[in-house]
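Undergrad: this one's structure only:
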Ligand code: ADP
Ligand code: ZN
């Protein structure tokens, strides 16, 4: 019987689920990904993967971490803790993701938002190593943000919804009304991948780097980051998600943030080293699932099963 700790990670996304087993970035022993269909089918595939991996390893997983799309209920005292709650994704409202997995596999489960998970992973192994206050944003099908303040993952009332902040929107220069079903022209409504596609009539990945879409995109993201910098004072900002595969956005966003702040935030990373301040995830496309493994490690630690 193998007794070394072994962790399961689930990145539960609205488009796909990614499952992995391992202990750290250099030690991912198996990975599986499948599209997010019905809760029943998607959770069954997840359970099949983890059961199979337990059999292969000849031992039970020490803990599982779940980094999920949301909104989710993170309050351990709530009767709906571990549920996906008011998501606009059809069929996924009020789904007991954590309870089902814990019940079926009978191991400790660490749970957080997808972006808090990714932030934790980046803090442990990636672009935010050694920092205690930073944020991670994904710009993809939606926009979400998470992070740490003073070494603690940001929770609170529910959890941050950084994608739904309101930013200035000039309907004269950008008549697109926004795609958010709740707010129309919030940040997500103006700057997510689907918003870019709806505004310009072409999928974001097919717009050339010199298309006007990108200066507008960088402008909206710079406005948002300026707000986050003023509110949270992050020591670094990590930007991931499909839209940020457009690497040319980084220098535009960095210049935009400096312009909007006008030298008011007197910190070297912002004034002189903005290229190292607003950065892509060091864990790349694996930030999500590695974040889930990081959540599993924390859960095991809390349960007294392993050192963190
Ligand atoms: P999800 O948010 O669903 O987990 P992604 O982060 O890949 O997945 O985001 C998907 C969105 O990103 C889509 O709207 C897609 O058009 C956009 N996207 C994907 N790849 C690129 C790319 N290379 N450049 C710009 N936009 C992209
Ligand atoms: Zn919104």
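TA: Cool, the structure landed. None of the values given here were measured: they were computed from a predicted structure. Ligands and ions are numbered 1, 2, ... in the order given.
Undergrad: Leaving out chain neighbours, which residue sits closest to residue 177?
TA: residue 184 (5.6 Å; Cβ to Cβ, 6 or more residues apart in numbering). Where you see a C-beta, it was placed from the backbone N, CA and C, and this is true even at glycine.
Undergrad: Tell me how many other residues surround that neighbour.
TA: Neighbours of residue 184 under the rule other Cβ atoms under 10 Å: 14.
Undergrad: Alongside ligand 1, which residues does the stretch 201-308 of the chain contribute?
TA: 203-205, 241-243, 245-246 (Cβ under 6 Å from any ligand atom).
Undergrad: Residue 71: which of those is nearest?
TA: Taking Cβ to Cβ as the measure, residue 71 sits nearest to residue 241 out of these, at 17.7 Å.
Undergrad: measure the residue in the chain positioned nearest to ligand 1 to residue 104 for me?
TA: Residue of the chain nearest ligand 1, by Cβ to the nearest ligand atom: residue 193 (2.0 Å). With distances taken as Cβ to Cβ, to the nearest Å, residue 193 is found 33 Å from residue 104.
Undergrad: swap in residue 169?
TA: Distance from residue 169 to residue 104, by Cβ to Cβ: 45 Å.
Undergrad: And the pLDDT for the residue nearest to residue 177?
TA: Per-residue pLDDT puts residue 184 at 97.
Undergrad: what do you get for residue 104?
TA: So, for residue 104, pLDDT stands at 97.
Undergrad: Please apply the same query to residue 304.
TA: 84.
Undergrad: Just the element for it, please.
TA: Applying DSSP states H and E as the criterion places residue 304 outside every helix and strand.
Undergrad: residues near it, how many?
TA: 7.
Undergrad: what's near enough to touch it?
TA: Residues near residue 304 by Cβ atoms under 8 Å, 6 or more residues apart in numbering: none.
Undergrad: Over to residue 114?
TA: With contact taken as Cβ under 8 Å, 6+ apart, residue 114 is in contact with 11-13, 67-70, 138, 144, 146, 288, 291.
Undergrad: do residue 149 as well
TA: Contacts of residue 149 by Cβ under 8 Å, 6+ apart are 132-133, 232.
Undergrad: do you know how far it is from residue 134?
TA: For residue 149, the distance to residue 134 - Cβ to Cβ - is 9 Å.
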